[in-house]
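Enquirer: Okay, structure incoming, though there's no sequence with it:
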């Protein structure tokens, strides 16, 4: 199963690579927490990624959660299928920003707990030309060891795309 | 190990800027085969024809003209400024902008986000400009300084220092004045000594519109189609040759290349208001080479009103004198004079540089700038006359002994480092 996920990620990346207009890198800092059926973990999240188009339609990303030491690592695929100018959120930023909901799916390894699949819905995700701002994104993780489901929130995340 | 980390981090912060100053020692700016015009074009200057501009050396007089230009605008107004804020004397100007936006004129206003952290006397009077949005003015703050942006602190070093305006594609304005209290709204003895130039020129308006739109679209999600504004060939009107340098976004104009081309080609004389002349070794070498080949270099510099900047400039003065230039200093308060914030360079009585760019490391490497080189002996002669009138206003010549005295009295290495990177 793990191998299959890894192969899928690689194949998808290779398929999309020829379509790249321009490759951008990204760096994110965030805070997340996750409650499993019998445990809790969370901490600061550092991510680096590659975005293969000028618009954030597809990004590959590796994240590490630290609290203060290693807690988990995930490999994510992120898509933001559309962006809209939403004046209702202008109060959050100094300049107009685009509301750009994001969907993340990825494979996760949690220290001493094992492998899982993660899905996150960044409904409060905004972006301007260089930065993304994400608040209170709900997420779910399916454990591949015992098929239990855990849930959590990415409290906030700031991303610099360059 | 710690030192290694510090060096690595500083290198990452300043890496994008390090290469750009090589141009002061690069082959093409030193070439004797190329003409000055060819060097300016190689440095990214766009050839544009202009007529003689209206020259404003007084903030109050320029504000009156600015209000006229806003009142007369029917289609669009584009404004980019480094420091923008309102104050009692500026209220009418901003109200006019609001009225125009409400009446359907497209008003795009870009200011650097350090406007909110203005460290000049404006800080005691200023009102932020967010109220403009209520009237439909498209307002963009360049590179906001917020905790959300700490993830990429190096981005915050890069500032948009340009001052340019376009009215209906007919009038083009550039220079050194900000749109704040200390540049335009203060009393006569406090308002900074500076300059702005108003060109009645469709060609330059078109070039400045291109400069404005390219940086706006690179910075804002509020996309501007270039077709929204008039477009004319750069030689549409005007009788004077000029070269426009827009350093910012994806634009190719390089202020360092512009200065290097002119200084390395100078044969007789360079007159300059550099504002804060904090140079790296390559810039210094360029000036020294000019002096060594017999070029007279004269600079008039202010002692800044900001304490750290005054300390930094005072620390620097002996080095400037040692380079062999004829240096004059003007101090705030002497004879009721306000600070000299003006930027100007005249080379060989022919080429005149006006615009937002100081002659220092930050301008070359860490800022968006707009500058225009006019190739006109007539305009250069007027600018020379203006240069000497500023010297006569109340400056003093700095001998080597005086330079050491100033450094000893108020020089600060820390201030020097702060203005080196911070301006």
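Expert: Now that the structure is in, tell me what you want to look at. Just so it is clear, the structure is predicted and the values come from calculations on it, not from any experiment.

Enquirer: and residue B:350, what does it touch?
Expert: Counting by C-beta atoms under 8 Å, 6 or more residues apart in numbering or on different chains, residue B:350 touches B:375-377, B:380. Just so you know, the C-beta spots here come from the backbone N, C-alpha and C atoms, and that holds for glycine as well.

Enquirer: next structured bit after the helix or strand of chain B with the lowest mean pLDDT?
Expert: Of all helical and strand segments in chain B, the minimum by mean pLDDT, DSSP states H and E falls on helix B:2-18, at a mean of 48. Scanning forward in sequence from helix B:2-18 by DSSP states H and E, the next helix or strand is helix B:27-30.

Enquirer: Flag every buried residue along that next one.
Expert: B:28-30 (16 or more other C-beta atoms under 10 Å in any protein chain shown).

Enquirer: Enumerate the residues of the stretch 51-200 of chain B near chain A.
Expert: Residues of the stretch 51-200 of chain B lying near chain A by C-beta under 8 Å from any C-beta of the partner chain: B:113, B:140-141, B:144, B:146, B:148-152, B:155.

Enquirer: and with 10 Å instead?
Expert: Contact residues, the stretch 51-200 of chain B versus chain A (C-beta under 10 Å from any C-beta of the partner chain): B:113, B:116, B:130, B:133, B:138-155.

Enquirer: Type out the ChimeraX command that picks the buried ones from those residues.
Expert: Burial among those is assessed by 16+ other C-beta under 10 Å; the matching ChimeraX selection reads:
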select /B:113,116,133,138,139,140,141,142,143,144,145,149,151,152,154,155
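
Enquirer: before we move on, back to that, for the buried residues of helix B:27-30, please prepare JSON lines with the additional fields pLDDT.
Expert: Below are the buried residues of helix B:27-30 laid out as JSON lines (pLDDT from 0 to 100):
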{"residue": "B:28", "pLDDT": "95"}
{"residue": "B:29", "pLDDT": "95"}
{"residue": "B:30", "pLDDT": "95"}
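
Enquirer: Spatially, what comes nearest to the residue most central in space within chain A if we skip its sequence neighbours?
Expert: Note on chain A: the residue nearest the mean C-alpha position is residue A:104, at 5.1 Å, using C-alpha atoms, centre = their mean. Once flanking residues are discounted, residue A:104 sits nearest to residue A:120: 4.1 Å by C-beta to C-beta, 6 or more residues apart in numbering or on different chains.

Enquirer: what sits against that neighbour?
Expert: A:32, A:74, A:76, A:78, A:102-106, A:134, A:137-141, A:152-154, A:157 (C-beta atoms under 10 Å, 6 or more residues apart in numbering or on different chains).

Enquirer: Mind telling me what element it is part of?
Expert: strand A:114-122.

Enquirer: Now tabulate the contacts of residue B:350 in TSV and tack on pLDDT, secondary structure and neighbour count.
Expert: What follows is those, written out as TSV (pLDDT from 0 to 100; DSSP: H, G, I helix; E, B strand; the rest coil; neighbours: other C-beta atoms under 10 Å in any protein chain shown):
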residue	pLDDT	secondary structure	neighbour count
B:375	98	strand	17
B:376	97	coil	19
B:377	97	helix	12
B:380	98	helix	20
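
Enquirer: Specify which member of the residues you listed is nearest to chain A.
Expert: residue B:375 (36.0 Å; C-beta to the nearest C-beta).

Enquirer: Let me have the buried residues of helix B:27-30 in CSV, adding distance to chain A as columns.
Expert: Shown next, in CSV, are the buried residues of helix B:27-30 (distance: C-beta to the nearest C-beta, whole Å):
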residue, distance to chain A
B:28, 29
B:29, 30
B:30, 34
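
Enquirer: Just give me the closest of the residues you listed to residue B:64.
Expert: residue B:29 (40.3 Å; C-beta to C-beta).

Enquirer: so what's that closest one closest to, chain neighbours aside?
Expert: Per C-beta to C-beta, 6+ apart, closest to residue B:29 is residue B:260, 4.1 Å.

Enquirer: and if you look at residue B:80?
Expert: residue B:110 is the one closest to residue B:80 (C-beta to C-beta, 6+ apart), at 4.5 Å.

Enquirer: Count the residues that sit near that neighbour.
Expert: 23 (other C-beta atoms under 10 Å in any protein chain shown).

Enquirer: Settle this for me: it is touching residue B:132, isn't it.
Expert: No. Counting by C-beta atoms under 10 Å, residue B:110 stays clear of residue B:132, with 11.5 Å between them.

Enquirer: where do the contact lists of those two overlap?
Expert: B:84, B:138-139.

Enquirer: is residue A:143 in a bridge, and if so with what?
Expert: Beta-bridge partners for residue A:143, by DSSP bridges, are residue A:116.

Enquirer: Where do the helices of chain A begin and end?
Expert: A:2-16 (DSSP state H).

Enquirer: Show me which residues of it are close to chain B?
Expert: A:26-30, A:46, A:83, A:85, A:87, A:90, A:92-98, A:100, A:126-133, A:156-162.

Enquirer: Just the buried residues of those.
Expert: A:26-30, A:83, A:93-98, A:100, A:126-128, A:130-133, A:156-161.

Enquirer: Neighbours of residue 61, how many?
Expert: Since no chain was named, I'll use chain A. 20.

Enquirer: my bad, chain B
Expert: Residue B:61, neighbours per other C-beta under 10 Å, totals 13.

Enquirer: Can you report phi and psi for it?
Expert: phi -70, psi -40 (degrees, to the nearest 10).

Enquirer: Show the contacting residues for it.
Expert: B:54, B:184, B:196.

Enquirer: just the residues you listed now: which is nearest residue B:250?
Expert: residue B:196 (26.6 Å).

Enquirer: Not counting residues beside it along the chain, what's closest to the closest one?
Expert: Nearest to residue B:196 is residue B:175, by C-beta to C-beta, 6+ apart, at 3.4 Å.

Enquirer: Please consider this matter closed, and thank you.
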